[in-house]
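A.B. asks: just the structure for this:
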Amino acid sequence: SSVLEKFDGQYGLIDTGLYEGTKDCIERIYDKGRKKVAYVHRMNHGLDDRDYRYKGYLDSVKNEPIIISGHTNNEELSKNVVEAYEKYHFDALFCRDDNLAITSLFALERKMIKIPQDVSVVGVDGTKNGREINPTLASLRIDRASIVSTFFDQVEKLKKGETPESVVLKSEFMDGESLS
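C.D. replies: Numbering: from 1, shown residues only. Coordinates of the predicted model:
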């Protein structure tokens, strides 16, 4: 049994809203008329069904899942994204974080694939870098301030001998020019 299974519910769980937020992002992508959504997984990690972003993608994608993984650096990521595009002809990318999205976006543009005309790109984190590129990056923003304050609220309850309740936070979609 995992550490989370041992403590789940006993001390309260803080759900960041990434699962529902990911599902919302995928639905927004389909609402823009996209048909084939691929998922870019993080570097140096295997796929894990407990990862809220990955699970949200799997549970909401309407096409056969297209998973881009196995990269250990930006050069490999760029190569994997372009090869997956050439093989699957996806028209949207949902990337596990903004840095992956930015690297993927630039890799596709270097191959003369237009963003967002040919491929829409969405990231997660709502970083400043995503707002400063052209086209600006659509992204799912995690409310980090709420996560931290909720955590400290939970600790205070534990100190008082109270049992903290589980909390579900919301993530926020940030529109960007990379999704149309």
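A.B. asks: excluding chain neighbours, what is closest to Thr136?
C.D. replies: If you skip the residues right next to it in sequence, Thr136 has Gly176 as its closest partner in space, 4.2 Å away by C-beta to C-beta, 6 or more residues apart in numbering. From N, CA and C alone the C-beta is placed, and that goes for glycine too.
A.B. asks: tell me how far the one you found lies from Asn73.
C.D. replies: Here the distance between Gly176 and Asn73 works out to 25 Å (C-beta to C-beta, to the nearest Å).
A.B. asks: do Arg96 as well
C.D. replies: Between Arg96 and Asn73 the distance is 15 Å, computed by C-beta to C-beta.
A.B. asks: cool, and Asp59?
C.D. replies: Distance check for Asp59 against Asn73: by C-beta to C-beta, it reads 29 Å.
A.B. asks: please apply the same query to Ala38.
C.D. replies: Using C-beta to C-beta, Ala38 is found at 19 Å from Asn73.
A.B. asks: those two: who's more crowded?
C.D. replies: In this comparison of Ala38 against Asn73, neighbours counted by other C-beta atoms under 10 Å, the higher total goes to Ala38 at 24 against 11.
A.B. asks: tell me the contacts of the more buried one?
C.D. replies: With contacts defined as C-beta atoms under 8 Å, 6 or more residues apart in numbering, Ala38 is in contact with Ile66, Ile67, Ile68, Ala84, Tyr88, Phe90, Ala92, Leu93, Phe94.
A.B. asks: what's the closest of these to Leu13?
C.D. replies: The closest of the contacts of Ala38 to Leu13 turns out to be Phe94 (C-beta to C-beta; 24.6 Å).
A.B. asks: which parts of stretch 47-59 are buried?
C.D. replies: Asp51, Tyr52, Arg53, Tyr54, Lys55, Gly56, Tyr57, Leu58 (16 or more other C-beta atoms under 10 Å).
A.B. asks: which of those lies closest to Asp15?
C.D. replies: The nearest member of the buried residues of stretch 47-59 to Asp15, counting by C-beta to C-beta, is Tyr52 at 8.2 Å.
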